[in-house]
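coordinates only, no sequence provided:
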């Protein structure tokens, strides 16, 4: 009986040692900051998803899809870093961390804040139009700025928390360029036909 009781005590002690460790004050602060960033990212994902559903195709939808991919990556990186800190596990190779850069983070934050002001002004200006080419151009510009913001946010998270920065594939940039080209208005050709070779007179 005593041996069984002793074995239970030892097993309980071993199991207790295997559980997650108590977070330090610094870790708790970092997790709180990460959760705040995560909540903001989830809000932006919801807004981008709602915007995407308003379009069946075209440049704005294409830019919004690209923005959603970046935001989705940001969300996954934040969630994995939070889980890693709370569980005490090491960061996996797939999300290998980089050294935080406070100076770069400060500069990026200022750039993001400035871009936020530009986006807010652009949205206010676009709201003055009920449709037409001018509104479409302004909305396309806003979508481009919002995609840029998502990528700046990823760089900011990397510089602030050491999250690995993910490079955007070249194929995605090519798709945006192709879509932008297809949206251009092609002018009508002149009514004067070209002379066949050999029929024109030399001056």
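Done, it's in. Given the structure is predicted, the values throughout are model-derived calculations rather than measurements.

just give the closest residue to residue 30, not the sequence neighbours.
residue 85 (6.5 Å; C-beta to C-beta, 6 or more residues apart in numbering). For glycine as for every other residue, the C-beta is placed from the backbone atoms N, C-alpha and C.

my guess is that neighbour contacts residue 27, does it?
Yes. At 5.5 Å, residue 85 and residue 27 qualify as touching, with contact defined as C-beta atoms under 8 Å.

and residue 136, what helix or strand is that in?
helix 132-161 (DSSP states H and E).

what helices or strands is that helix leaning on?
helix 25-52, helix 59-87, helix 102-126 (3 or more C-beta pairs under 8 Å, 6 or more residues apart in numbering; DSSP states H and E).

which residues does the residue nearest to residue 30 contact?
By C-beta atoms under 8 Å, 6 or more residues apart in numbering, the contact set of residue 85 is 23, 27, 30, 31, 34.

same question, residue 48
By C-beta under 8 Å, 6+ apart, the neighbours of residue 48 are 64, 67, 68, 71, 146.

now do the second one against residue 131, distance only.
So the one you mean is residue 67. Computed as C-beta to C-beta, to the nearest Å, the residue 67 to residue 131 distance reads 23 Å.

distance of residue 153 relative to residue 28?
Counting by C-beta to C-beta, the gap from residue 153 to residue 28 is 23 Å.

these two: who's more crowded?
Neighbour totals were compared for residue 153 and residue 28, and residue 153 leads with 21 against 13 (other C-beta atoms under 10 Å).

surely the more buried one meets residue 111?
No. Counting by C-beta under 8 Å, residue 111 is not a contact partner of residue 153; they are 10.3 Å apart.

just name the shakiest helix or strand of this structure by mean pLDDT.
Within the chain, confidence by mean pLDDT, DSSP states H and E is lowest for helix 170-182 among all helices and strands, at a mean of 45.

list just the nearest of the contacts of residue 85 to residue 55.
Nearest to residue 55, judged by C-beta to C-beta, of the contacts of residue 85 is residue 34 at 32.2 Å.

got the contact list for the closest one?
Neighbours of residue 34 in contact, by C-beta under 8 Å, 6+ apart: 78, 81, 82, 85, 161.

just name the closest of the residues you listed to residue 120, please.
residue 78 (24.3 Å).

isn't that closest one right up against residue 40?
No. Using C-beta under 8 Å, residue 78 is not in contact with residue 40; the gap is 9.7 Å.

between the two, which has more neighbouring residues?
residue 78 (22 against 13).

identify the residues contacting the more buried one.
Applying C-beta under 8 Å, 6+ apart, the residues near residue 78 are 34, 37, 38, 41, 157, 163.

the last one: neighbouring residues, count only.
The reference is to residue 163. 27.

against residue 44, how distant is residue 52?
12 Å.

looking at these two, which is more packed in?
Neighbour count, other C-beta under 10 Å: between residue 52 and residue 44, residue 44 has more, with 20 against 17.

excluding its backbone neighbours, what's nearest the more buried one?
Per C-beta to C-beta, 6+ apart, closest to residue 44 is residue 71, 5.6 Å.

can you tell me how far that neighbour is from residue 150?
Taking C-beta to C-beta, one finds residue 71 at 5 Å from residue 150.
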